[in-house]
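**Student:** Sequence and predicted structure, then a few things I'm wondering about:
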Amino acid sequence: MHDWRNRVGVDPEVMLNHSVVHEHVRRLQIALAHYDAALALGTGEELIETTCKFVAGEPMPANFPGLLSAALEALGLHPRASECRAGRRWAATASRASLWIRRLRHELAETIIIGPEGWDEGMNIVGLGTFPLSGVFSPVEQRDAMAVVAAFLDAGGSYIETAAVYPQDDLDLGKVLAAFSRESFFIATKCVAGRGKDGATVRSGRPEHIRQQCHDELRRLGVNNLDLLQLHAIPEDVPLEEAFGALVQLKDEGYTRFIGASNVSIDHLTTLLSVAHVDYVQNRFSFLHRRQHQSIEEACAENGVLLNPYQVIERGLLTDSPKAVFPESDLRRTKYEYSGEVYLAMRTWAETSLRDIATSNGLSVLELIVGWTALHPSIGVIPMGATTPEQVRQNVDAGTTVISPSIEAQLEQAYEDLETAVHSRVGLRIDEYRGL
């Protein structure tokens with residue numbers, strides 16, 4: 001392996017500490033480990049020199065994405081990750097590494113915990129959310145759901161997310177997963193909210209209820225253990241400490257590798273951390289829905305908690321073809337932010353401002369949004385829904401997008417312009433205007 005460590009004064013012993021390390025050292029280790037193959041072909045020297053200079057404090061060079069692409073091309077791997085399975089896996093990891101390096105301009109001097117012990121840093125940054133496969137937006141046949149999961153895994157994805165409360169009439173996820181080796185996927189699910197025998201929603205944070213839900217999910221998914229088990233909501237019938245304590249015990253017993261919580265406030269997170277380490281926090285977060293999330297992001301960064309946010313593309317709004325009309329059976333028809341002039345205003349903005357930025361930079365709106373999300377330091381994975389193989393391939397490919405400082409600045413200006421326009425018109429912030 002190329003001895004790049006001496007160039008930035010890295011102590012090899014420090015890099016072996018997987019609990020608390022300098023973030024730039026750890027992420028640089030992960031990033032450059034994948035560039036050694038390029039060196040053998042004589043293409044990676046400039047890339048490594050450039051990266052080391054950047055970590056040493058010099059500005060991020062404009063040619064960094066080009067250098068990364070050149071290394072990929074020299075290895076016969078297309079940077080869009082669309083040529084072959086090995087290429088997709090390698091390109092996704094390398095692109096993720098370049099995103100980590102980009103974040104360093106904010107974090108060069110910080111020391112934090114990098115994710116939970118045992119976390120796979122090489123896991124593709126785009127995950128598969130299976131909520132849409134439950135038919136909540138449009139009908140999905142079992143064979144189509146299997147095709148989506150197969151396309152996701154073949155594209156280099158691994159993180160698959162479900163929940164006990166998701167409608168299960170049209171989807172046997174366990175049957176879908178049975179067609180793949182257990183090592184090929186990371187399975188995440190959620191408890192507290194679930195379904196009773198009559199199909200009605202049942203909510204409880206009682207330890208016995210959570211334990212039963214865990215075992216029910218293991219049977220439903222056809223696996224011996226979970227990779228991640230999260231509280232889906234804050235329980236109302238028991239203290240939060242008691243409910244999270246049940247997850248800690250299930251983790252200690254080997255039923256799940258990681259634990260976390262969804263839909264939490266900063267006070268909730270503080271309480272959870274007083275009980276045990278929190279591996280993941282899953283809140284709603286997107287380019288449009290961000291202001292309420294800043295304190296959570298900061299707390300996660302300080303405590304080594306990974307984020308796996310939901311609704312990053314706002315259920316299709318922040319894509320290249322947002323729907324103008326939703327059918328009667330579509331869940332979005334019941335949501336205020338997808339109705340009337342509110343949705344029309346957001347859709348018009350996405351189809352003009354966002355699309356203009358994407359087009360001028362040779363990207364899609366989807367790539368802009370996923371790339372922007374991946375810039376946030378504590379993002380562990382971005383679960384995204386899909387109902388067709390083509391959608392899921394586009395999602396995974398979007399995870400390889402590198403957002404340059406100039407593109408990031410354009411996006412932030414577009415957001416500020418929208419915020420100003422909304423406030424000028426109705427006196428509200430974007431979240432308030434959308435009823436969130």
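**Tutor:** Thanks, I have it.

**Student:** Name the residues of stretch 145-165 that come out as buried.
**Tutor:** Within stretch 145-165, the residues scored as buried using 16 or more other CB atoms under 10 Å are 145-149, 151-165. Every residue, glycine included, has its C-beta placed from N, CA and C.

**Student:** who touches the strand or helix carrying Ser274?
**Tutor:** Here Ser274, judged by DSSP states H and E, is contained in helix 266-275. With contact meaning CB atoms under 8 Å, 6 or more residues apart in numbering, helix 266-275 is reached by 234, 240-241, 244-245, 248, 261, 264, 278, 281, 295-296, 299-300, 303, 305.

**Student:** Could I get the average pLDDT for the host helix or strand of Arg219?
**Tutor:** In the assignment (DSSP H and E), Arg219 maps to helix 207-221. On average, the pLDDT along helix 207-221 is 94.

**Student:** how about it: buried residues?
**Tutor:** Neighbour-count burial for helix 207-221, with 16+ other CB under 10 Å as criterion, is recorded at 207, 209-211, 213-214, 217-218, 220-221.

**Student:** do the same with stretch 178-197
**Tutor:** Across stretch 178-197, burial judged by 16+ other CB under 10 Å covers 185-195.

**Student:** what does stretch 317-325 give?
**Tutor:** Buried residues in stretch 317-325, counted by 16+ other CB under 10 Å: 317-320, 322-323.

**Student:** Make TSV from those residues and add secondary structure to it.
**Tutor:** Shown next, in TSV, are these (DSSP: H, G, I helix; E, B strand; the rest coil):
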residue	secondary structure
Leu317	coil
Leu318	coil
Thr319	coil
Asp320	coil
Pro322	coil
Lys323	coil
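
**Student:** tell me which of these is nearest to Pro377?
**Tutor:** When the buried residues of stretch 317-325 are compared for distance to Pro377 (CB to CB), Leu318 wins out at 21.0 Å.

**Student:** Tell me who's in contact with the closest one.
**Tutor:** 286-288, 312, 350, 354, 365-366, 369.

**Student:** Return the entry from these with the maximum number of neighbours.
**Tutor:** Ranked by neighbour count (other CB atoms under 10 Å), the contacts of Leu318 have Ile369 at the top, with 29 neighbours.

**Student:** so that residue makes contact with Gln311?
**Tutor:** No - counting by CB atoms under 8 Å, Ile369 does not reach Gln311; the two are 11.2 Å apart.

**Student:** which residues are in contact with both of the two?
**Tutor:** Counting by CB under 8 Å, 6+ apart, the residues touching both Ile369 and Gln311 are Ser286.

**Student:** Outside of stretch 199-214 itself, list whatever touches it.
**Tutor:** For stretch 199-214, using CB under 8 Å, 6+ apart, the contacting residues are 164-165, 191-196, 226, 229, 231, 233-238, 240, 242-243, 245-247, 249-250, 255-256.

**Student:** Apply 10 Å and report the result again.
**Tutor:** The contact list for stretch 199-214, computed with CB atoms under 10 Å, 6 or more residues apart in numbering, reads 163-165, 167-169, 189-196, 225-226, 229, 231-247, 249-250, 253, 255-256.

**Student:** Mind checking which of these land in strands?
**Tutor:** 189-191, 193-195, 226, 229, 231, 256 (DSSP state E).

**Student:** Among the residues you listed, which one lies nearest to Tyr343?
**Tutor:** Ranked by distance to Tyr343 (CB to CB), the ones in strands among the contacts of stretch 199-214 are led by Ala193 at 26.4 Å.

**Student:** can you tell me which residues contact the nearest residue to the closest one once chain neighbours are set aside?
**Tutor:** The shortest distance from Ala193 to any non-neighbouring residue, by CB to CB, 6 or more residues apart in numbering, is to Val165 (4.1 Å). Counting by CB under 10 Å, 6+ apart, Val165 makes contact with 131, 134, 189-195, 201-203, 213, 232-233.

**Student:** Quick one: list the elements packing against the helix or strand harbouring Thr348.
**Tutor:** Taking DSSP H and E as the criterion, Thr348 maps to helix 340-349. Under the contact definition 3 or more CB pairs under 10 Å, 6 or more residues apart in numbering; DSSP states H and E, helix 340-349 sits against helix 405-426, helix 430-433.

**Student:** The longest one to helix 340-349, inter-axis angle?
**Tutor:** Helix 405-426 and helix 340-349 are oriented at 150 degrees to each other (axes from the mean of the first three to the mean of the last three CA atoms, to 10 degrees).

**Student:** Return the closest of the ones in strands among the contacts of stretch 199-214 with respect to Ile379.
**Tutor:** Nearest to Ile379 out of these is Lys190 (CB to CB; 18.7 Å).
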